[in-house]
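Asks: have a look; sequence and predicted model below, questions after that.
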Amino acid sequence: MVDSGACGRLRATVGHIATSPGLPSVVPDRAELTVDLRNPDDADMARAEADFAAFLDTLPEAQPGLRVETAQMARTKAVPFDEGVQDALEAAAKEHGYDSLRLMSGAGHDAQEIAAIAPAAMVFVRGQYQGISHNPREYSTPEDCRAGVEVLAAAALELSA
């Protein structure tokens, strides 16, 4: 996550790029890509979306003949996790001798749905390969997975008391 100026803690990802005709020696006549924007603050997110739309509107002016079409595929409001649950997870990690770090997920996990009806938070375990996820190369060691289970179990026990 980076400071994106007026857009706060924005995360942007280009997850798909396809060109036509898709040949190595032919200049494409069409390119399609997806841009995923995520932000823990809904107002900052709205500002980022507006800024991005304004930028896209300038492209045909800068490049005659270029046509830009957009479609919003999804939009989800930010879901803050419960501070008490996060505190319990952090305390459990410390109690077991593990370092912890509070992260913005931005991902649409089940915890996002649970947060609408009950206090929720998430435990992430360290990944190998620079933390790559949602990719066939994603891998966490058995030791790191065990640490996550220990922290989750200890926090659940504490919270249930």
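Replies: Ah, there it is.

Asks: where does this protein dip in pLDDT?
Replies: Scanning the chain for pLDDT under 70 picks out 1-3, 107.

Asks: determine the longest helix present in it.
Replies: helix 42-62 (DSSP state H).

Asks: who does that helix touch, helix- and strand-wise?
Replies: strand 30-38 (3 or more CB pairs under 8 Å, 6 or more residues apart in numbering; DSSP states H and E). Where you see a C-beta, it was placed from the backbone N, CA and C, and this is true even at glycine.

Asks: do a quick rundown of the helices in this structure.
Replies: 42-62, 83-95, 110-114, 142-160.

Asks: using TSV, lay out the ones you listed together with mean neighbour count and distance to residue 76.
Replies: What follows is the helices of the chain, written out as TSV (neighbours: other CB atoms under 10 Å; distance: least, CB to CB, whole Å):
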stretch	mean neighbour count	distance to residue 76
helix 42-62	13	10
helix 83-95	17	20
helix 110-114	14	7
helix 142-160	14	24
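
Asks: for residue 136, which of those is the nearest?
Replies: helix 142-160 (17.6 Å; CB to CB).

Asks: if anything else comes up later, I'll come back, but that's it for now.
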